[in-house]
Structures are given as structure tokens and as C-alpha cells.
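> Predicted structure and sequence below. I'll ask about it afterward.
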Amino acid sequence: MNAEIIAVGSELLTPQHTDTNSLYLTERLNGLGILVRFKTIVGDSKEDLAAVLRAALARSRLIVLTGGLGPTEDDLTRDVVAEVLGRPLREVAELRQRIQDRYARLGRAMPENNLRQAQVPEGGEWLENRNGTAPGIWIEHQDNIVALLPGPPRELEPLFDATCVPRLERVASGARIKTRVYKVVGLPESEVDQLIAPLYRSYANPTTTILASLGTIEVHLRARAATDQEAETRLAELGDKIELALGDHVYST
């Protein structure tokens, strides 16, 4: 299974806010053997979000959207997903009651716009958010799975672990993803590539990425296989050749 993450929120397109949710989700998805192929940040625009979602549906089995599930006018994720999937929003009585009860416990009057969070696209399943008013939403649509998650990490992380991971474990292929990193010193990036490109070109699995940073080069290998052992074997087959080609320039594995 391949996945795509769409982070929604104009604030994420400014220098003041960073999308950390996608890093957390990628780690958790990789642990399930699900490869993240695309990540997109899109502002609070119905047209832009709809275009990004349509592209995601055409190329990724699992689409995870984060943010844009709040009660305000610029929280568009729920509405856009419903429109693109052709699934009208329906108010869920239990969600309405939960939101009303939350405000009652706080002794505060509930703004009417909070009831937007009680709406779920037709056929979707709401996911309990124990740390906020915006529920997650899980939709199985034709060949796609679309998961909508709240933006605040303190809400997203426990919700994803408790409700999405068990569902994904049932439908994921069971593949395993393993990574090996070689740290190289004393050679520029171009020379490293010249030495190892003849080796890694013939391998589609593992994939090879060369990264340059101050004073060091990193060679990343990522293997995908049915079991941990098979993935490790694939890494060793190519990795041992690379380590031999680079010799003493490899200072850490």
C-alpha cells in the first residue's frame, strides 16, 4: 500500500509554522509497511484543496489529510472531501450531543458554528478524539481510503494510534520497510556517486539516496519486503558492495 499526506492550513505556508504531523505519520506508516510517496501542504482554498485531493485519489491508495476540521469558516477539509467524493455531509446525532455536553461541562455557551464538527460525509465513520471537539473521519471510497485527522499534534497522534493503526493493520499488505545509512567522509558527493552508481543502478529495491551535508555524505538505502529478514537481506546484498567500494571513507553504518 502506498500513501499520501495532505497537510491543510494557510499557516503552514508561512515561516512561523512547521508541519510536524507528516513526519510523525510517515514514521508510523512506514512501521506498518506503508510507503509514503507524496506530501503536500495546501492553504485554506477550496479550489486548491480539491485539486490536490483529486490528484491524490488517482495515484495513492491511502490519503491522510491533517487539519481544517475546526468550527470556523476557513476549516474546509470536511466540506471539500465531501464534495470531491460526492458524499453529502450528514449530521451525526451522537457527535452533536458530545459537543453540547463538552460545553455544558465547561459551563460555557456553545457557539452554533461548533456543530459543523458534528457533520460527517455520507458513508464515513467518525473517529473519537479524546483531546478535542473535532473527530477524525475514516472513509473507504472505491479503491481508496481517506482519513481526516485534526491538526493539533496532541489530538492527532493519540487519535491516529488508537483508531487508524488498527484499521490499517487489517488492510496493509504486511510489507516491511528497513533502512540502512552509510556515513562517508573525505569524498565529495560527486565522487561518492561515481564510485557507487554502477552498483545501485541495477537495484530498484533497495532504493538509494545520496545526501550531502557539512563535512559528510550520507548514503541511504531503503528496502521493502514481505519480512524483516528479507528486507535486511536486500540491504546487505547492495550495502556490502557499497561499503566495499567506499572503503575507509565509511566511518559509520
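Good, I have the coordinates. Because the structure is a prediction, the values reported are computed rather than measured.

> okay, CA-based contacts and neighbour counts for the rest of this
OK.

> Distance from the chain centre to stretch 158-167, please.
When distances are taken as Cα atoms, centre = their mean, to the nearest Å, stretch 158-167 is centred 13 Å away from the chain's centroid.

> ditto for stretch 148-168
Stretch 148-168 has its C-alpha centroid displaced from the chain centroid by 11 Å (Cα atoms, centre = their mean).

> For that stretch, what does the pLDDT average out to?
The average pLDDT within stretch 148-168 is 97.

> buried sites along it?
Residues 148-151, 153, 155-157, 159-160, 163-164, 168 are the ones in stretch 148-168 that count as buried (16 or more other Cα atoms under 10 Å).

> Looking at those, which is nearest residue 202?
residue 168 (32.2 Å; Cα to Cα).

> Give me the contacts around the helix or strand of the chain with the lowest mean pLDDT.
Here the helix or strand of the chain ranked lowest by mean pLDDT, DSSP states H and E is helix 93-106, holding a mean of 91. By Cα atoms under 8 Å, 6 or more residues apart in numbering, the list of residues contacting helix 93-106 from outside reads 109-110, 114-115, 117-119, 133.

> now stretch 197-205
With Cα under 8 Å, 6+ apart, stretch 197-205 has contacts from 207-208, 222-224, 234, 238, 241-242.

> Just the buried ones from the contacts of helix 93-106?
114-115, 117-119, 133.

> Make CSV out of those residues and add pLDDT.
CSV is the format used below for the buried ones among the contacts of helix 93-106 (pLDDT from 0 to 100):
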residue, pLDDT
114, 88
115, 90
117, 94
118, 94
119, 96
133, 86
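
> now those residues in CSV, with secondary structure?
Below are these laid out as CSV (DSSP: H, G, I helix; E, B strand; the rest coil):
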residue, secondary structure
114, helix
115, helix
117, helix
118, helix
119, strand
133, coil
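
> any idea which of those is closest to residue 248?
Closest to residue 248, out of all of the buried ones among the contacts of helix 93-106 and judged by Cα to Cα, is residue 133, at 55.9 Å.

> how about the closest one, what does it touch?
Listed by Cα under 8 Å, 6+ apart, the contact partners of residue 133 are 99, 117.

> Would you mind splitting this structure into its domains for me?
2-171, 176-252 (automatic domain parsing).

> and the first one, how far from the chain's centre?
The reference is to domain 2-171. 11 Å.

> What's the separation between the residue nearest to residue 184 when sequence neighbours are not counted and residue 186?
Excluding its sequence neighbours, the residue lying closest to residue 184 (Cα to Cα, 6 or more residues apart in numbering) is residue 250, at 4.5 Å. Shown here: residue 250 relative to residue 186, a distance of 9 Å by Cα to Cα, to the nearest Å.

> Pick out whichever of these two has more residues nearby.
The neighbour count for residue 250 versus residue 186, taken as other Cα atoms under 10 Å, is higher for residue 250 (21 against 14).

> Name all residues that make contact with the more buried one.
Counting by Cα under 8 Å, 6+ apart, residue 250 touches 182-185, 243.

> And residue 137, how close does it get to residue 144?
14 Å.

> which of the two has more neighbours?
residue 137 (23 against 17).

> what's the residue lying closest to residue 9 once chain neighbours are set aside in contact with, if anything?
With sequence-adjacent residues excluded and distances taken as Cα to Cα, 6+ apart, residue 9 is closest to residue 43, at 4.7 Å. Listed by Cα under 8 Å, 6+ apart, the contact partners of residue 43 are 8-13, 49.
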